[in-house]
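Undergrad: have a look; sequence and predicted model below, questions after that.
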Amino acid sequence: MRYSTTLIPTLRETPVEAKVISHQLMLRAGLVRQLGAGIYTWLPLGLRVLRRVEQIVRSEMDRAGAQELLMPAVQPAELWQESGRWGYYGKELLRIIDRHQRDFCFGPTHEEVITDLVRREVRSWRQLPANFYQIQTKFRDEIRPRFGVMRGREFIMKDAYSFDMDEAGLDRSYQLMFQAYQRIFQRCGLRFRAVEADTGAIGGASSHEFHVLASSGEDAIASCDSCGYAANVEKATAALPIAIPHTEPMQPLVEVETPGQASIEAVSQFLSLPPQRLIKSLVVMDEADHCSLLLLRGDHELNEVKMRAVLGSGVTLPAAEQVEQLTGLPVGSLGPLHTELPVIADLALRGGHDMVCGANRRGYHLTGVNWDRDLTVSQFADLRAVVAGDGCPRCATGLLQLDRGIEVGHVFKLGVKYSQALNATVLDTDGQAHHPIMGCYGIGVSRIVAAAIEQHHDANGIVWPLALAPFAVVIVQLNAKEAEATVVAEQLYQELQRRSIDVLWDDRDERAGVKFKDAELIGVPVQLVVGGRSLKEGRVELRQRRGGEAVLIAPDQAVATVVQMLNQLDTGEP
RNA sequence: CGGGGUAUAGCUCAGCCUGGUAGAGCACUGGGUUCGGGACUCAGGGGCCGGAGGUUCAAAUCCUCUUAUCCCGACCA
């Protein structure tokens, strides 16, 4: 492709709205432009990258035996009413009304549509297992789109749905997808980790997320430094510390004055006690405004996903002022003694003794709080967020570390939720009707583009892995008006194209500096510099975007050397 | 949805407080010089200051409403 006839609107300056590096570079390199909040146009260069990701995904899905199809983006409300999600899904579902006043939605996901298809078309166990996938535009009306295409409202996703006769079949389908995903992210040149994930509102069976490791990631993931355990922090648990029996006699329960000391930190300093000795008391509330009191060790934070797993999905943390209205006490003075609220304590508190908590009296705390003698609770539960250094829940030796990740894939055992709701049945060998057991498997195709940039960039711009690069080679012709350079550049251009190598020929009438800067910005892995002093010596320059020395070679050797270099890049050899 | 910003040329922004009819840099067009790391110079084009209403002799500037967008938080099969 010739640069002069391609729209690659690179920007010298960084648009203010872009906060993360991938968003900045996608705008600067002319990959995308924003049309509205969370809605983007893919420009020629960006689209080429997107297509690369799609092709990798497609080839691995096909290899795993999945069948590609394409479902409608717009879906009738009836299907969603049938599954119960029309009411459940909330405002994230973009609803549309047609000219006949009929309700539709723009599909955020396609469980209903695929299940409807299967219920109509699949009759016999002989047709299973089956796995259908599509690569398609989705729309989720996110509360807050951000970070460019990383969290857009309209985005491109590969979604796949497997159907099996029994659990064992689902396990096989799930494993196949799990392996396909590993191959996909490897081929994309991404550093990633598969982690156990919260199953959310759907509940039940197992689920894994695939995260690209990046400091800007929106998710935190915990992993063991010793065994293979890795989980989203929403789900991650920690080993309980080994309880050290305390031999000293219990302190007496004393009410002490703590004027104006409202936070854990303040009370800890005021009483000269480590935060671990304090009990953090949190009021939570369900939809019916019923309150409970949650207890955590002072140095621990509440994991709201775990909280909802214990108390129900509608439970929230009211604001401090609201708590004060409800209880008549400032949040800093709440405590589990002499309260009428049900009290649930985090597991990590169980080993504590001589603890400190709010006295349920403004400006006072209780010290010397001990289990059984002073305090009983209705339930112990895992409520806290793990922190780096916690013991691994799986192995005896490992410690958990925390990393940031960008979720690019999710595999999920659905079970019969949708086949049951939509009454899809398949006959088994005995002629009995069964609801097929489903799995669903998503990959954020457009998000992968952003995630790849988060991992592969430097001060000068994007450094594409070859597998995702919009072009494998860019010919940087230094002077567009230099006849000899044009002849050589054109020969190289045609020869590379003949070998099916994607090449961008920068034939623009621009200064050398501009062309170098743009070549770096757009991140094409291999640069061929044609013109100037090296051409006078009968040479062209070959260099790699990721760094290293430029090599001077004769033009008639150049293509062969490029091919060699690309092969090395392909295998990841230095 | 709650809180906080922003909206002026294609982009990044100044001007607003203290009203007097719009600017810079980059980009764009033409000329000249330059030509291997985002050139220099001369001359130009381009904005009904997001929209509506109000105050005023006069509004980019003050007031009200509205729309869009960004950030923080809650949300996320």
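TA: Great, that's in hand.

Undergrad: give me phi/psi at A:C291?
TA: Here is the backbone geometry of A:C291 (degrees, to the nearest 10): phi -100, psi 150.

Undergrad: what bridges to it?
TA: The partner list for A:C291 in beta bridges (DSSP bridges) reads A:M285.

Undergrad: ok, the residue in the stretch 351-500 of chain A that RNA strand B sits nearest to - contacts?
TA: Here the residue of the stretch 351-500 of chain A nearest RNA strand B is A:G442; by C-beta to the nearest atom of the strand that distance is 2.7 Å. Backbone N, C-alpha and C define where each C-beta goes, glycine included. Counting by C-beta atoms under 8 Å, 6 or more residues apart in numbering, A:G442 touches A:T109, A:M157, A:K158, A:D159, A:A160, A:G409, A:H410, A:V411, A:F412.

Undergrad: what about 7 Å?
TA: A:M157, A:K158, A:D159, A:G409, A:H410 (C-beta atoms under 7 Å, 6 or more residues apart in numbering).

Undergrad: contacting RNA strand B as well, which ones from those residues?
TA: With C-beta under 7 Å from any atom of the strand as the criterion, the contacts of A:G442 include A:M157, A:D159, A:H410 near RNA strand B.

Undergrad: can you lay out those residues as JSON lines showing secondary structure?
TA: JSON lines is the format used below for the ones next to RNA strand B among the contacts of A:G442 (DSSP: H, G, I helix; E, B strand; the rest coil):
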{"residue": "A:M157", "secondary structure": "strand"}
{"residue": "A:D159", "secondary structure": "strand"}
{"residue": "A:H410", "secondary structure": "strand"}
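
Undergrad: need the residues you listed in a markdown table with pLDDT, can you?
TA: Shown next, in a markdown table, are these (pLDDT from 0 to 100):
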| residue | pLDDT |
| --- | --- |
| A:M157 | 95 |
| A:D159 | 96 |
| A:H410 | 92 |
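
Undergrad: let's see if you can find the most crowded of those residues.
TA: Among the ones next to RNA strand B among the contacts of A:G442, the one with the most neighbours (other C-beta atoms under 10 Å) is A:D159, at 23 neighbours.

Undergrad: for that one, which non-adjacent residue is closest in space?
TA: Spatial nearest neighbour of A:D159, chain neighbours left out: A:G442 (4.9 Å); criterion: C-beta to C-beta, 6 or more residues apart in numbering.

Undergrad: for chain A, which spans come out with low pLDDT?
TA: A:199-205, A:242-244, A:571-574 (pLDDT under 70).

Undergrad: which parts of the stretch 251-400 of chain A are helices?
TA: Assigned by DSSP state H, counting those that start in this stretch, the stretch 251-400 of chain A shows helices spanning A:264-270, A:304-311, A:320-327.

Undergrad: what residues sit buried inside the shortest one?
TA: In other words, helix A:264-270. A:I264, A:V267, A:S268 (16 or more other C-beta atoms under 10 Å).

Undergrad: now for the residue in chain A positioned nearest to RNA strand B: which residues touch it?
TA: Residue nearest to RNA strand B within chain A: A:G532 (1.8 Å; C-beta to the nearest atom of the strand). By C-beta under 7 Å, 6+ apart, the residues touching A:G532 are A:L478.

Undergrad: A:I184 now?
TA: By C-beta under 7 Å, 6+ apart, the neighbours of A:I184 are A:I56, A:V57, A:E60, A:I443.

Undergrad: what's the residue of chain A closest to RNA strand B sitting at in phi/psi?
TA: Torsion angles, degrees, to the nearest 10, at A:G532: phi 60, psi -150.

Undergrad: ok, A:E92 next?
TA: The phi/psi pair for A:E92 (degrees, to the nearest 10) is phi -70, psi -20.

Undergrad: show me what contacts it?
TA: With C-beta under 7 Å, 6+ apart, A:E92 has these contacts: A:P108, A:R140, A:D141, A:E142.

Undergrad: if you set the cut-off to 10 Å instead, what comes out?
TA: A:P108, A:F139, A:R140, A:D141, A:E142, A:I143, A:R153 (C-beta atoms under 10 Å, 6 or more residues apart in numbering).

Undergrad: mind giving me the PyMOL command for buried ones among these?
TA: To isolate the buried members of the contacts of A:E92 in PyMOL, using 16+ other C-beta under 10 Å:
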select buried, chain A and resi 108+139+140+141+142+153
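
Undergrad: count the residues that sit near A:A560.
TA: Other residues close to A:A560 by other C-beta under 10 Å number 12.

Undergrad: hmm, back to that, and of the buried residues of helix A:264-270, the nearest to A:Y493?
TA: Nearest to A:Y493 out of the buried residues of helix A:264-270 is A:I264 (C-beta to C-beta; 66.0 Å).

Undergrad: the closest one against A:T258, yeah?
TA: No: look at A:I264 against A:T258 with C-beta atoms under 10 Å: they stay out of range, at 11.7 Å.

Undergrad: common neighbours of the two, please.
TA: A:G332, A:V356.

Undergrad: still on that earlier bit, just the element for the residue of the stretch 351-500 of chain A closest to RNA strand B, please.
TA: Element membership for A:G442 (DSSP states H and E) is strand A:437-444.

Undergrad: only alpha carbons, please: show that strand as CSV.
TA: Written as CSV, here are the backbone C-alpha positions of strand A:437-444 (Å, rounded to 0.1, in the frame of the first residue of the first chain):
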residue,chain,number,x,y,z
ILE,A,437,-25.6,-28.2,28.4
MET,A,438,-24.0,-25.0,27.3
GLY,A,439,-20.7,-23.2,27.6
CYS,A,440,-20.0,-19.8,26.3
TYR,A,441,-16.6,-18.3,25.4
GLY,A,442,-15.8,-14.7,24.6
ILE,A,443,-12.9,-12.8,23.3
GLY,A,444,-12.7,-9.1,23.1
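
Undergrad: buried sites along that strand?
TA: Buried, per 16+ other C-beta under 10 Å, within strand A:437-444: A:I437, A:M438, A:G439, A:C440, A:Y441, A:G442, A:I443, A:G444.

Undergrad: again, but for stretch A:358-365
TA: Neighbour count says stretch A:358-365 has A:G358, A:A359, A:N360, A:Y364, A:H365 buried, by 16+ other C-beta under 10 Å.

Undergrad: now, the most widely separated pair of those?
TA: A:N360 and A:H365 (10.0 Å).

Undergrad: returning to that earlier point: show only the entries of the buried residues of stretch A:358-365 found in strands.
TA: A:G358, A:Y364, A:H365 (DSSP state E).
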